[in-house]
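A.B. asks: sequence first, then the predicted structure:
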Number of protein chains: 2
Amino acid sequence: MKNYKLVLSYEGTRYRGWQRQGNTAGSIQEKLETLLSRLLEQQVELAASGRTDAGVHARMQVCSFRADTKRSSAELLQDLRRYLPEDIGAVSLEEAEPRFHARLSCREKTYLYRVWNSEAPNVFTRRFQLRMPEALDPGAMEQTAGLLCGEHDFAAFCSLKNTKRSTARDLRSIQILRDGEELQLYFTGDGFLYNMVRILTGTLLEVGQGLRTPESVRQALLSGDRSMAGPTAPAQGLCLWEVKY
Amino acid sequence: MKNYKLVLSYEGTRYRGWQRQGNTAGSIQEKLETLLSRLLEQQVELAASGRTDAGVHARMQVCSFRADTKRSSAELLQDLRRYLPEDIGAVSLEEAEPRFHARLSCREKTYLYRVWNSEAPNVFTRRFQLRMPEALDPGAMEQTAGLLCGEHDFAAFCSLKNTKRSTARDLRSIQILRDGEELQLYFTGDGFLYNMVRILTGTLLEVGQGLRTPESVRQALLSGDRSMAGPTAPAQGLCLWEVKY
């Protein structure tokens, strides 16, 4: 059995998200597993660094799988590129050490949330951005980002109630950059809860618009109460940017 | 009657090109004229800086039209943004001086052709690039670009035979830039013949791949014979970049 590391990029627009859901079609995992199983003539199961929701994109999603084959990685990569739909890209494929696991070995992830901050539409990037014409106060957003970073219980920034698992995470940095009319929010951490980046973004954007104060976000964080945080920002603006091992 | 200058951007993927073709639907001009006529309750006819082919994009397409209305430009712009499909963007709308005409007043145009020059696909820009994994020789392409610039008869770089009209144009510059794995070709001139930028690109890419010499391109230019030049590069990589008045 060989162990493989596969790096993917995808446009999530027309998918139900990363994760296979029973036997229903429409997930990226299902597309990949079906293709790999056919190419390798054996049942292939993929592990990914993490799930992405329906409509969320990935510049760099890392997967791992085991397979028994004599074919070279280069050949297999070529076949993947030939048969994958054009909104899923096989960036690289290589043999990994036996203990490598895309989710369990992951040390750090970065997500990017893109906001098109203009009255005029951008037809070229509309599938990858949230459009928000309202003026945004960078100072207030920076201040809030500072309050959110660090090791905290992020229960208030998670869509799913699961009392058994820890909701503590280390949010290592939030970088807020402006590139012309685009606002880019980079979130880096050891891991993220369900919808966490989208709720952090929705909350930061409310602060940016002056709809709430940085202090109210600190209160939300302390409360652990989802209803105290801002709305879940739309999926289309989110992209899994980088995964580190 | 007021005279208007309308700046548009569009993703050309699902359109038959700029120009209205009889009563058939599917052109960008037809979409715009139908909407403007309805909003202004009068027949509106648009002039554009130039046609773009089916599948070609525009970052900046300039149009002009006359209309008799009391509504402000700001109001009308807002309505355009509300009712246009999301792949056509109204960038700006303003009243122009009476003699302004989007095509006749145009002094200079710039087109951008984008090539994704990598083995790995790019899922995010695939609608706006030609994918070409082959290695490209920048020196040979630069040399050829130098031969093509200037005032020439570009009959060899035009898809339509029209013996009556002049095929002389002033190709002011070809800039070849590399941004990582993307090759960008900017063409600036006083005007372009039908398919001219796409044939120039197809020819330059053949030179880049070593399939033909710069000298063979000089011969093609001198011959005025379309069959001596390279292939017409696909529409999706082309974008009307800038129009100057």
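C.D. replies: Looks like it came in fine. Values in this document were obtained by computation on a predicted structure and should not be read as measured data.
A.B. asks: from start to finish, how long is stretch A:186-200 in a straight line?
C.D. replies: For stretch A:186-200, the first-to-last residue distance is 11 Å (Cα to Cα, to the nearest Å).
A.B. asks: buried stuff in it?
C.D. replies: Judged by neighbour count (16 or more other Cβ atoms under 10 Å in any protein chain shown), stretch A:186-200 contains these buried residues: A:186-189, A:191-193, A:195-200. Where you see a C-beta, it was placed from the backbone N, CA and C, and this is true even at glycine.
A.B. asks: can you check stretch A:29-43 too?
C.D. replies: By 16+ other Cβ under 10 Å, the buried positions in stretch A:29-43 come out as A:Gln29, A:Glu30, A:Lys31, A:Leu32, A:Glu33, A:Leu35, A:Leu36, A:Leu39, A:Leu40.
A.B. asks: then stretch A:57-76?
C.D. replies: Those buried within stretch A:57-76 under the rule 16+ other Cβ under 10 Å are A:57-67, A:69, A:73, A:76.
A.B. asks: and stretch A:150-164, by the same measure?
C.D. replies: A:His152, A:Phe154, A:Ala155, A:Ala156, A:Phe157, A:Cys158.
A.B. asks: okay, and which of those residues map to strands?
C.D. replies: Where the buried residues of stretch A:150-164 overlap with strands, as defined by DSSP state E, the overlap consists of A:His152.
A.B. asks: quick one: strands adjacent to the helix or strand containing A:Val243?
C.D. replies: Assigned by DSSP states H and E, A:Val243 belongs to strand A:238-244. Taking DSSP bridges as the criterion, strand A:238-244 pairs within the sheet with strand A:57-67 (parallel), strand A:108-116 (antiparallel).
A.B. asks: quick one: which of those is nearest B:Glu215?
C.D. replies: When those are compared by Cβ to Cβ, strand A:57-67 sits nearest B:Glu215, at 42.2 Å.
A.B. asks: give me the distance between that closest one and the centre of its chain.
C.D. replies: If you compare the mean C-alpha spot of strand A:57-67 with that of the full chain, they lie 12 Å apart, counting by Cα atoms, centre = their mean, to the nearest Å.
A.B. asks: what angle separates whichever helix or strand comes after that strand from strand A:57-67?
C.D. replies: Moving toward the C-terminus from strand A:57-67, the first helix or strand encountered (DSSP H and E) is helix A:73-83. Counting by axes from the mean of the first three to the mean of the last three Cα atoms, to 10 degrees, helix A:73-83 points 130 degrees away from the direction of strand A:57-67.
A.B. asks: does any part of helix A:73-83 sit near chain B?
C.D. replies: Yes. When contact is scored as Cβ under 8 Å from any Cβ of the partner chain, part of helix A:73-83 falls within range of chain B: A:Arg81.
A.B. asks: per-residue confidence averaged over whichever helix or strand comes after that helix?
C.D. replies: Under the assignment DSSP H and E, the closest C-terminal helix or strand after helix A:73-83 is strand A:88-95. Confidence for strand A:88-95, expressed as mean pLDDT, is 97.
A.B. asks: got the strands paired with strand A:238-244 as CSV, with mean pLDDT columns?
C.D. replies: Supplementary listing: the strands paired with strand A:238-244 in CSV, determined by pLDDT from 0 to 100:
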stretch, mean pLDDT
strand A:57-67, 98
strand A:108-116, 98
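A.B. asks: rebuild those strands as TSV, extending it with distance to B:Arg20.
C.D. replies: Formatted as TSV, the strands paired with strand A:238-244 follow (distance: least, Cβ to Cβ, whole Å):
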stretch	distance to B:Arg20
strand A:57-67	35
strand A:108-116	30
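A.B. asks: before we move on, back to that, show me how far the strand holding A:Val243 is from its chain's centre.
C.D. replies: Here strand A:238-244 is found 5 Å from its chain centre; the criterion is Cα atoms, centre = their mean.
A.B. asks: residues contacting that strand, please?
C.D. replies: A:49-50, A:52-53, A:56-62, A:102, A:106-114, A:128, A:186, A:197-198, A:201 (Cβ atoms under 8 Å, 6 or more residues apart in numbering or on different chains).
A.B. asks: near chain B, which residues of chain A?
C.D. replies: Of all the residues in chain A, those lying near chain B are A:9-11, A:57, A:59, A:81, A:86-92, A:119-124, A:126, A:128, going by Cβ under 8 Å from any Cβ.
A.B. asks: give me the buried subset of those residues.
C.D. replies: Looks like these have A:9-11, A:57, A:59, A:81, A:87-91, A:120-124, A:126, A:128 buried, using 16+ other Cβ under 10 Å.
A.B. asks: quick one: the helices in chain A, in order.
C.D. replies: For chain A, helices defined by DSSP state H occupy the ranges A:28-40, A:73-83, A:138-148, A:196-208, A:214-223.
A.B. asks: what helices or strands is the fourth one leaning on?
C.D. replies: Just to be clear, that refers to helix A:196-208. The elements that helix A:196-208 packs onto, with contact taken as 3 or more Cβ pairs under 8 Å, 6 or more residues apart in numbering or on different chains; DSSP states H and E, are strand A:108-116, helix A:138-148, strand A:168-179, strand A:182-189, helix A:214-223, strand A:238-244.
A.B. asks: output the strand holding A:Val243 as PDB, nothing but the C-alphas.
C.D. replies: Coordinates of the C-alpha atoms in strand A:238-244 are reproduced here as PDB (Å, rounded to 0.1, in the frame of the first residue of the first chain):
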ATOM      1  CA  LEU A 238     -14.600  32.100   1.300                       C
ATOM      2  CA  CYS A 239     -11.600  30.200   0.100                       C
ATOM      3  CA  LEU A 240      -9.400  27.600   1.800                       C
ATOM      4  CA  TRP A 241      -6.100  29.300   1.100                       C
ATOM      5  CA  GLU A 242      -3.300  27.300   2.600                       C
ATOM      6  CA  VAL A 243      -2.700  24.200   4.700                       C
ATOM      7  CA  LYS A 244       0.500  23.500   6.600                       C
END
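A.B. asks: what are the buried residues along it?
C.D. replies: Of the residues in strand A:238-244, A:Leu238, A:Cys239, A:Leu240, A:Trp241, A:Glu242, A:Val243 count as buried by neighbour count, 16+ other Cβ under 10 Å.
A.B. asks: any idea what the third one is bridged to?
C.D. replies: It stands for A:Leu240. Beta bridges link A:Leu240 to A:Ala58, A:Tyr111, judged by DSSP bridges.
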